[in-house]
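Participant: Give me a 3D structure for the following:
(2 chains)
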Amino acid sequence: MRTIYQYLLSSIGAEYKTVKTIKTSERGCVALLQNIQNGTRLIFRHYRGNGEVYRKLLGVSCRNLPQVMEVAESGGMVAVLEEYIQGDSLAYLLEGALFTPAEAREITLQLCNALWVLHAMGAVHRDIKPENVIVRGSEAVLIDFDASRFFKSESSTDTQVLGTTGYAAPEQYGIAQTDGRADIYSLGVLLNIMLTGKHPSKELASGKLGRIVQKCTMVNPKKRYKSVLYLMEAL
Amino acid sequence: MRKQCRNCGAELPEDASFCPHCAQSQIERSEVKPPRLWRKKALYAFLAVLLLVAAALAVFLPHRPKTFEGGASVTYTDKDGTYELLVSTFSDDLENKQPEEKRTISFPVDESSCLPALLGVFQDGELVNPESFLAKLERYTLKAFPNENGALEIGEPRYDEMFAPSVLETDVFFTGASGTNALVWTLTMKNGDTIRLKHIFEVLPLVHQAYTAEEACLDTMEDLKALLDRIDTEVPADTIVDIYLPPVTYTGNLEISSRAVNLYGCSDGSGRTVIEGTLIVSTHDPAYVTLCNLDFVGSGGTGLSATASTDIWGCSFTGYDIGAAVKEGGMIGVEACTFRNNGIAFSYDTLRYYFFKTGFPDCTIEGNDIGIQFVNLPSATPLDFGGTVFSGNRIDIENPIQYPIDLSNAIFE
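Facilitator: Predicted coordinates for the structure are as follows:
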């Protein structure tokens, strides 16, 4: 009897065409697929790792997260079909211009919504950066949970270095256990980038948002906002 | 186990969440939103309310009417400074900044008298200007609250320059049966503040003890002085002493200085009691000295000199430079007396007294150089000479201070 993993891969092979290969790495690849019959576009992720975060997102609907359509695992490999978010990445938009404080605040608030869903499940995104934020109309959608994992309070450090240099919190480099406050750090960096185009260590945004960035990016996680809810309050 | 797509009917694995054929989800999704952000808003709302309350209190509290209560003294503060208020029945106490928590006097049950109740106010150790402090007052009262079966009559408080150290003064009328009362001053300030001061006024009833010629030797002035000395040592202070004198002539001077005694001359028709000399009344006893039916006969000098409260009735004064003289701190109440052939029949020369009779009735003032002389006499209670006869005096009344007098019922011959 075929597993759901085998069924998914064979169905994709038969009924979808690859529009674009978005990313390939040693761990796997990400591709944009299109249903041959009805033209529906979907993101297909196929990588070696843990699909637990995607599985938990299966039953969840949040306007700031892509809908996960299917998750299948076999032999350490994970296959994920998720909603394709039609829009421009924040990285692309930042090439054109910086954001106004009001725009940056609104995007950060929406990313907080997305992170709250992840954190409520006990997951950490661990790779918040402009490339992983798609702006769809007035909505900011956080994508790519490949680096995500569930944090465990008993373990003192993470075993792998994941995330994107510059955005990752110090504890993601093995200093301490990663939890939701690592995402708050990255979100703080992202907010600063939206406002100044630079990492806060280079140029901190001015005013109230600058102070929020400062608190988000404290080296000691205990000095950051305790959760995204506190950050949302501050915003 | 297989299942069918709920959209296109395609056959799907039982655990499939998605139909790859029609690209439709096969599961129900629940929309997830972060909880409402109430904490900060609630905190802001709370802080705003707190701020408003604090602001309201900051405005209201400093101006909130306050009540200052004390015993015989109270410290009161308003926008102009801090004041020490104190009460007493002695002017001297006020001048010395001595509040009088309790005043106890002994007084005959069947007699009445009055004492001044005084309120003094100091600022920075100095007596305040009465006018400036009175300008702060909306109203003021002095009331008596009997602790036992006390009974007092209290006049309206007012400023009286005769009691100059005090800002307010009123008379407290009492009898020996007045008992113990709390005198409570209540000052209501124009700024809404209330000041309350309280002191106790206790009247102990006096009993009478009489001395007559049968019981004591009263033949000479020396005998009389010896009796007064004996009374000082053997008679309790709360006893009124009445000495009934025989119809003899006492030659020499006598001073009633330690306690009040009453001297009654002979009135049974067998003769008169005569004093040839000067009688000085200087006791500090609050009970006043009563002198009845005594004939003072002199050759110059003063017949009766009073620096304490004295009451004379049925007496006569003849041949003195001054028949009867009211001196500083004293007062003589006069009724039915005769002043004849003196330099000055009667002289008022005091700025302070504790007892006053508003009448000078039924007297005969005859053949004197000056009848009534007003040198000093504060207050403005009119003196009524109803029934008094002025006859043959060079000057009937010498009144340079223009003390108010009522001569409408006096007789001038």
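
Participant: The single nearest residue of the stretch 51-200 of chain B relative to chain A: what secondary structure?
Facilitator: Distances between the stretch 51-200 of chain B and chain A by Cβ to the nearest Cβ are smallest at B:Leu51, namely 19.5 Å. To be clear about C-beta, it is placed using only N, CA and C from the backbone, and glycine gets the same treatment. Following DSSP: H, G, I helix; E, B strand; the rest coil, B:Leu51 is assigned to helix.

Participant: From B:Leu43, how far out is it?
Facilitator: Using Cβ to Cβ, to the nearest Å, B:Leu51 is found at 12 Å from B:Leu43.

Participant: One more: A:Met77?
Facilitator: A:Met77 is 49 Å from B:Leu43, where distance means Cβ to Cβ.

Participant: the more surrounded of these two?
Facilitator: In this view A:Met77 and B:Leu43 are compared by other Cβ atoms under 10 Å in any protein chain shown, and A:Met77 has more residues nearby, 16 against 11.

Participant: and the nearest residue to the more buried one once chain neighbours are set aside, how many residues sit next to it?
Facilitator: Excluding the flanking residues, the one nearest A:Met77 by Cβ to Cβ, 6 or more residues apart in numbering or on different chains is A:Arg48, at 5.7 Å. A:Arg48 has 12 neighbours, counted by other Cβ under 10 Å.

Participant: pLDDT score assigned to A:Arg48?
Facilitator: Predicted confidence (pLDDT) for A:Arg48: 86.

Participant: Same check on A:Gly174?
Facilitator: So, for A:Gly174, pLDDT stands at 48.

Participant: Quickly find the element holding the nearest residue to B:Thr220 once chain neighbours are set aside.
Facilitator: Once flanking residues are discounted, B:Thr220 sits nearest to B:Tyr250: 6.8 Å by Cβ to Cβ, 6+ apart. Assigned by DSSP states H and E, B:Tyr250 belongs to strand B:249-251.

Participant: Can you report the mean pLDDT over the residues of that strand?
Facilitator: Strand B:249-251 comes out at a mean pLDDT of 97.

Participant: So which bits of that strand are buried?
Facilitator: B:Tyr250 (16 or more other Cβ atoms under 10 Å in any protein chain shown).

Participant: next helix or strand past it?
Facilitator: Using DSSP H and E, the helix or strand that follows strand B:249-251 in sequence is strand B:254-256.

Participant: Sheet-wise, list the partners of that next one with their directions.
Facilitator: strand B:279-281 (parallel) (DSSP bridges).

Participant: what's next to the partner strand, contact-wise?
Facilitator: B:253-257, B:289, B:291, B:296, B:303-308, B:310, B:330 (Cβ atoms under 8 Å, 6 or more residues apart in numbering or on different chains).

Participant: Measure how buried A:Cys29 is and give me the count.
Facilitator: 14.

Participant: Ignore what I typed, I meant B:Arg196.
Facilitator: By the other Cβ under 10 Å criterion, the neighbourhood of B:Arg196 contains 16 residues.

Participant: what kind of secondary structure is it in?
Facilitator: Here B:Arg196 is recorded as strand under three-state DSSP.

Participant: just to revisit the earlier point, I figured the residue nearest to A:Met77 hits A:Ser74, correct?
Facilitator: No - between A:Arg48 and A:Ser74 there is no contact under Cβ atoms under 8 Å: 11.0 Å.

Participant: and chain A, which residues reach chain B?
Facilitator: Within chain A, the positions near chain B by Cβ under 8 Å from any Cβ of the partner chain are A:2, A:4, A:7-8, A:11-12, A:15-16, A:35, A:37-38, A:40, A:42, A:58-62, A:67, A:69-71, A:81, A:112-113, A:116-117, A:120, A:228-229, A:232-234.

Participant: does B:Phe68 have beta-bridge partners, and which?
Facilitator: B:Ile195.

Participant: tell me which element B:Trp185 falls in.
Facilitator: Judged by DSSP H and E, B:Trp185 forms part of strand B:180-189.

Participant: Show me how far that strand is from its chain's centre.
Facilitator: In terms of Cα atoms, centre = their mean, to the nearest Å, the centre of strand B:180-189 is found 10 Å from the chain centre.

Participant: ok, now stretch A:99-118?
Facilitator: Centre to centre, stretch against its chain (Cα atoms, centre = their mean), the figure for stretch A:99-118 is 13 Å.

Participant: avg pLDDT for stretch B:15-31?
Facilitator: Here stretch B:15-31 scores 84 as its mean pLDDT.

Participant: first vs last residue of it, how far apart are they?
Facilitator: End-to-end distance for stretch B:15-31: 21 Å, by Cα to Cα, to the nearest Å.

Participant: buried ones in that stretch?
Facilitator: Within stretch B:15-31, judged by 16+ other Cβ under 10 Å, the buried ones are B:Ala16, B:Ser17, B:Phe18, B:Cys19, B:Pro20, B:His21, B:Cys22, B:Ala23, B:Gln24, B:Ser25, B:Gln26.

Participant: In JSON lines: those, plus distance to chain A.
Facilitator: Shown next, in JSON lines, are the buried residues of stretch B:15-31 (distance: Cβ to the nearest Cβ, whole Å):
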{"residue": "B:Ala16", "distance to chain A": "6"}
{"residue": "B:Ser17", "distance to chain A": "5"}
{"residue": "B:Phe18", "distance to chain A": "4"}
{"residue": "B:Cys19", "distance to chain A": "9"}
{"residue": "B:Pro20", "distance to chain A": "4"}
{"residue": "B:His21", "distance to chain A": "6"}
{"residue": "B:Cys22", "distance to chain A": "7"}
{"residue": "B:Ala23", "distance to chain A": "4"}
{"residue": "B:Gln24", "distance to chain A": "9"}
{"residue": "B:Ser25", "distance to chain A": "6"}
{"residue": "B:Gln26", "distance to chain A": "9"}
